[in-house]
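Colleague: Kindly generate the corresponding structure for this input.
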Amino acid sequence: MQKPMEPEIYDLLRESVRDFVSRDVLPVASKVDQTDEFPLDLFKKMGKLGFLGVTVPEQYGGSGMDYRAQAIIEEELGYASASLALSYGAHSNLCLDNIYRNGSEFLRENYVPKLASGEWVGSLGLTEPSSGSDALAMKSRAEIKGDHYILSGSKTFITNAPYADLVLTYARTGDEFTAFAVPTNLDGFTRGKKFDKMGMRGSPTGEIFFDSIKLGKEMVVGKAGQGKSIILSGLNSERVILSFIFVGVSKRALELALKYSTERKQSGKFLHEFQLIEEKLAYMYTRYQTSKLLAERALDNLDRGTFDSLGAAAAIMHASETSEYIAREAIQILGGIGYVKDSEVERLLRDAILGQIGAGTTEIRKHLIASALVKKYKREDKIPNL
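Modeller: As a prediction, this is how the structure comes out:
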């Protein structure tokens, strides 16, 4: 657990990210969505600004901050471009942070600085064609051959896969699981198709294949056979941090709805003067605030080093559902103009939908929440003190 920084540091970081977003991201967010091209130049600029390695100590090329700083970056990016925020999360949280926290000194010295600077793009290789929500049903295997592992298998729906230079990959090693840092320039690594998605366009998603890749034992992340604990802790962290993307989406959709309802007149009245529109705005604001508070609570536990799968699942479930609800209501307020491709809220709705599929589906989150509640109740024989 890292000691929290002074509030002023977080304020300065948020101001810095907002400047970057306003100057560099918002002006191109629509084009990124239309062309579905990964803005590699913006990504590398984020490395120079210290955003990519925000949770990594300075000695390894990072900014020496914490998860709260990472959440701030995700929220501000999500406000402008959820797709860039998603690629940032896959690189900074799912890949880089995991390798730094669990990797050996060899991995920290040789690969973490490249990822922190943006010289290399990182990715997480977990989902497989036959194992989506049931991640531990993976079929990729790594077998020991002398001083090396031989990795074979495939992964799909992998964020950043078409551009990744290194993939934090999980594979079966006997009856257990092991995490590996896999550079994509190794013999036997190939990329499959890039998926053409309805939303989060500009955040490249694709397939990767491992054809008997030879990996030295130094490429093991953590300890051999202990990959399951890294998977579970990584998913917990991912759900908390990625929930802030959808907090940002909610904020932007609410702002656009407020702007339109205070400028547009119908039957001689501004839209916000109609009671049905007032009701929409009231619910949109309330749900935005509750999703932000729930995400903040989960973040507090993550910062304290508490493994809170219940809070993490609740945070991303509520934040993602809320972003879709607010974006949908914003379209309803804007009417026809909100439905056309030139409308920003149309993009926000398409991006919001991914929140209920990635990092575990809404259905999986409900299962996690209910199971944890029942376990707590049985242990305490009363309504848990949550």
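Colleague: And for E143, nearest residue in space, chain neighbours not counted?
Modeller: I150 (5.2 Å; CB to CB, 6 or more residues apart in numbering). Every C-beta, even on glycine, is put in place using the N, C-alpha and C of the backbone.
Colleague: An error on my part: the question was meant for I72.
Modeller: Nearest to I72 is R14, by CB to CB, 6+ apart, at 5.1 Å.
Colleague: Sketch out the low-pLDDT regions of this structure for me.
Modeller: 1-4, 384-386 (pLDDT under 70).
Colleague: 90 - rerun?
Modeller: 1-7, 130-137, 232-236, 303-308, 341-343, 358-360, 372-373, 375-386 (pLDDT under 90).
Colleague: Show me how it divides into domains.
Modeller: Domain assignment for the chain by automatic domain parsing gives 7-121, 123-224, 228-380.
Colleague: and these as a markdown table, adding mean neighbour count?
Modeller: Converted to a markdown table, the domains of the chain look like this (neighbours: other CB atoms under 10 Å):
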| stretch | mean neighbour count |
| --- | --- |
| domain 7-121 | 21 |
| domain 123-224 | 19 |
| domain 228-380 | 19 |
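Colleague: can you give me the helices in the stretch 101-250 of the chain?
Modeller: Using DSSP state H, counting those that start in this stretch, the helices found in the stretch 101-250 of the chain span residues 105-110, 112-117, 227-263.
Colleague: So which residues make contact with the first one?
Modeller: Outside helix 105-110, the residues within contact range by CB atoms under 8 Å, 6 or more residues apart in numbering are Y60, I99, Y100, A181, E218, M219, V221.
Colleague: For P27, which of the helices of the stretch 101-250 of the chain is the nearest?
Modeller: helix 227-263 (14.6 Å; CB to CB).
Colleague: gap between the closest one and the chain center?
Modeller: Distance of helix 227-263 from the chain centroid (CA atoms, centre = their mean, to the nearest Å) equals 8 Å.
Colleague: With stretch 47-67 instead?
Modeller: With CA atoms, centre = their mean, you get 17 Å for stretch 47-67.
Colleague: ok, now stretch 11-18?
Modeller: For stretch 11-18, the distance to the chain centre is 19 Å (CA atoms, centre = their mean).
Colleague: Distance check, S92 against L124.
Modeller: Distance, S92 to L124, by CB to CB, to the nearest Å: 11 Å.
Colleague: Could you name every residue contacting both of those two?
Modeller: Common neighbours of S92 and L124 (CB under 8 Å, 6+ apart) do not exist.
Colleague: where along the stretch 101-250 of the chain do the strands fall?
Modeller: 122-125, 141-145, 148-159, 166-173, 176-183, 189-194, 205-216, 220-221 (DSSP state E, counting those that start in this stretch).
Colleague: what helices or strands is the second one leaning on?
Modeller: Packing contacts for strand 141-145, counted by 3 or more CB pairs under 8 Å, 6 or more residues apart in numbering; DSSP states H and E, involve strand 148-159, strand 166-173.
Colleague: Of all those strands, which one is nearest A295?
Modeller: Per CB to CB, nearest to A295 of these: strand 148-159, 20.0 Å.
Colleague: which neighbours does that closest one have in its sheet, and in what orientation?
Modeller: Partners of strand 148-159 in the sheet, by DSSP bridges, are strand 141-145 (antiparallel), strand 205-216 (antiparallel).
Colleague: right, so of those, which gets closest to D351?
Modeller: Nearest to D351, of the strands paired with strand 148-159 and by CB to CB, is strand 205-216 at 13.0 Å.
Colleague: so the closest one versus strand 166-173, what angle?
Modeller: Orientation of strand 205-216 against strand 166-173 (axes from the mean of the first three to the mean of the last three CA atoms, to 10 degrees) gives an angle of 70 degrees.
Colleague: List of residues touching strand 205-216?
Modeller: Counting by CB under 8 Å, 6+ apart, 125, 140, 142, 147-159, 161-162, 164, 167, 169, 171, 180, 182, 184, 186-195, 197 sit against strand 205-216.
Colleague: got the angle between it and strand 189-194?
Modeller: Per the same axes, to 10 degrees, the angle that strand 205-216 makes with strand 189-194 is 170 degrees.
Colleague: My guess is S131 contacts M138. True?
Modeller: Yes. Applying CB atoms under 8 Å, one finds S131 in contact with M138, separated by 5.0 Å.
Colleague: What is the distance between the helix or strand hosting L349 and the centre of its chain?
Modeller: Assigned by DSSP states H and E, L349 falls within helix 344-353. Relative to the chain's own centre, helix 344-353 is displaced by 16 Å; criterion: CA atoms, centre = their mean.
Colleague: And the contacts of it?
Modeller: 29-30, 33, 82-83, 198-201, 246, 249, 252-253, 256-257, 320, 323-324, 327-328, 330-331, 334, 338-340.
Colleague: And the next helix or strand past it?
Modeller: Counting by DSSP H and E, what follows helix 344-353 is helix 362-380.
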